[in-house]
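Asks: Okay, sequence plus prediction incoming.
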Amino acid sequence: MPEFWLDSGYRLLDRTMEGELEVTDDFLRAYFMRPEIEPVGESCDVERTLHESLMIEPRRDVSPENIEALADPDAQDNYRVLIEFRNKLIEAGTLEKCYITIFQSPNTQTPPLFINQLVQIILRNILDGSSDALKVKIAEIFFREQKISLNDGNVLAADAETINILSENSGFGALGQLIVEAGATPRTMEMDVLDRENSDIYWERPSQFDTAVSLNNNGEAIDALCRVMEGWVFHFYKANVNIQPMSEINDDKWKWHIGLDAVSTQILNELYSGEVLDEITQRKLLGLFKMEFEDQELIRPDIAGRPIYLGMAVNEDNILRFKPQNLLTNLPFSDSV
């Protein structure tokens, strides 16, 4: 099977009998090799000693006093954040349990960068062995912001960070930056738009995040997104669900909905309350979905038998900030689950 997301850290982890990713010492060491943590020329001896000890014993106790002894205030802040996250990983034992715990805990302080890394690695586990490049590509939506644009009737999603980088130099790298700085007009930026016919080109550069997909309703990428969402729910809860795209919600017995981002949460709340969306808000809505559980006994009795509606939308900057945790923490499970 094709290899992908090699720099995610997936290969540093062990898989438990339940299929979850067990935290290993090597995985923890990788965090202490981050540029924010590795000592630099100006680092004090105390910082160097602490770092060396953590590379040898990444689970060793680090007290507040150990951190306060560092001469650099920025180093202190970086260590506080990382040690808190490391402790969550160790306590949880697996990445999946750590991820769920973060969102079940009030006032979580875990940086979005670490959360997105967890999502990527968990998805790498879910998609392990997959030869479906379109599914792997669309899964990027779970952990990387997407810039949405309209092109010849197609709603296109492309990696927002990559778009920003390419737009600065029109995709020519350092040469493009020189052209821009010289005041010349570089060529128009283009990205490959993946579909079933050409999706194998994704395997040539799976970690560059430099391809786009069409999010048109009932399109191939939307179908792939539905399958990834189904796999995401099953991986955490071993619950089989069926998710299908919809063009609108006409249901006078509407019981439950989940926004897959902050904007769609607000839109679905307005629709549920019977409000009429203005034209600007309607344009923000990227997609609607219907989720149904195979085993209805998993669902609260007052919700059982009814579909769960999902929504996906962009903000005022046409950015999609997907929140995969909403698919896990907002489900109406019965008390027995």
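Replies: Now that the structure is in, tell me what you want to look at. Numbers count the residues shown, from 1 in each chain.
Asks: C-alpha from now on. contacts and neighbour counts both.
Replies: Will do.
Asks: Next up, the contacts around the most centrally placed residue in the chain.
Replies: What sits nearest the mean C-alpha location of the chain, by C-alpha atoms, centre = their mean, is Phe143, with 1.9 Å. By C-alpha atoms under 8 Å, 6 or more residues apart in numbering, the contact set of Phe143 is Asn116, Gln117, Val119, Gln120, Phe322.
Asks: what's the pLDDT at the fourth one?
Replies: Going back to what we said before, that points to Gln120. Here the pLDDT value assigned to Gln120 is 98.
Asks: With the second one instead?
Replies: As predicted, Gln117 sits at a pLDDT of 98.
Asks: ranges for the strands of the stretch 151-300 of the chain?
Replies: 154-159, 192-194, 211-214, 241-246, 256-259, 285-293 (DSSP state E, counting those that start in this stretch).
Asks: Nearest to Gly93 among these would be which one?
Replies: strand 241-246 (26.7 Å; C-alpha to C-alpha).
Asks: Just want the angle from the closest one to strand 285-293.
Replies: Strand 241-246 and strand 285-293 meet at an angle of 150 degrees, taking axes from the mean of the first three to the mean of the last three C-alpha atoms, to 10 degrees as the criterion.
Asks: could you say what helices and strands strand 241-246 packs with?
Replies: Contacts defined by 3 or more C-alpha pairs under 8 Å, 6 or more residues apart in numbering; DSSP states H and E place strand 241-246 against helix 220-237, strand 285-293.
Asks: would TSV of the strands of the stretch 151-300 of the chain with distance to Ala75 and mean pLDDT be doable?
Replies: Output for the strands of the stretch 151-300 of the chain, formatted as TSV (distance: least, C-alpha to C-alpha, whole Å; pLDDT from 0 to 100):
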stretch	distance to Ala75	mean pLDDT
strand 154-159	31	93
strand 192-194	41	92
strand 211-214	36	94
strand 241-246	45	97
strand 256-259	37	98
strand 285-293	42	97
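Asks: looking at those strands, which is buried most?
Replies: strand 211-214 (a mean of 22; mean count of other C-alpha atoms under 10 Å).
Asks: what's it in contact with?
Replies: 138, 154-159, 191-195, 202, 221-222.
Asks: Can you tell me which of those residues is nearest Glu38?
Replies: Asp159 (28.7 Å).
Asks: Can you tell me the closest non-neighbouring residue to that closest one?
Replies: Gln146 (4.7 Å; C-alpha to C-alpha, 6 or more residues apart in numbering).
Asks: For the one you found, give me its contacts.
Replies: Ala157, Ala158, Asp159, Ala160, Ile319, Leu320, Arg321.
Asks: how much space between it and Ile319?
Replies: 6 Å (C-alpha to C-alpha, to the nearest Å).
Asks: Now do the shared contacts for the two.
Replies: Joint contacts of Gln146 and Ile319 (C-alpha under 8 Å, 6+ apart) are Ala160.
Asks: Residue ranges in the chain under the pLDDT threshold?
Replies: 169-189, 337 (pLDDT under 70).
Asks: now the helices for it?
Replies: For the chain, helices defined by DSSP state H occupy the ranges 25-32, 45-56, 64-68, 73-92, 95-104, 112-126, 133-139, 160-169, 173-181, 220-237, 262-272, 279-284, 326-329.
Asks: Which positions are bridged to Val241 in the beta structure?
Replies: In this entry, Val241 is beta-bridged to Phe293, by DSSP bridges.
Asks: Start the count at 180 instead of 1 going forward.
Replies: Okay, residue one is now 180; in that scheme the one you just asked about reads as Val420.
Asks: May I have the residues that are in contact with it?
Replies: Val420 neighbours (C-alpha under 8 Å, 6+ apart): Glu409, Val412, Phe413, Met470, Glu471, Phe472, Glu473.
Asks: If we use 7 Å, what do you get?
Replies: In this structure, Val420 makes contact with Glu409, Met470, Glu471, Phe472, Glu473, judged by C-alpha atoms under 7 Å, 6 or more residues apart in numbering.
Asks: now these as TSV including distance to Ile269?
Replies: Output for these, formatted as TSV (distance: C-alpha to C-alpha, whole Å):
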residue	distance to Ile269
Glu409	28
Met470	34
Glu471	35
Phe472	33
Glu473	34
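Asks: Leu450: which of the residues you listed is nearest?
Replies: For these, the nearest to Leu450 is Met470 (17.4 Å; C-alpha to C-alpha).
Asks: which residue packs closest to that closest one, ignoring adjacent ones?
Replies: Excluding the flanking residues, the one nearest Met470 by C-alpha to C-alpha, 6+ apart is Ile422, at 4.4 Å.
Asks: So the one you found versus Arg208, what's the distance?
Replies: Ile422 sits 38 Å away from Arg208, going by C-alpha to C-alpha.
Asks: For Ile344, the count of nearby residues, please.
Replies: Ile344 is flanked by 13 other residues according to other C-alpha atoms under 10 Å.
Asks: and the gap between it and Ile498?
Replies: Separation of Ile344 from Ile498 (C-alpha to C-alpha): 15 Å.
Asks: Give me the neighbour count for Asp193.
Replies: 15.
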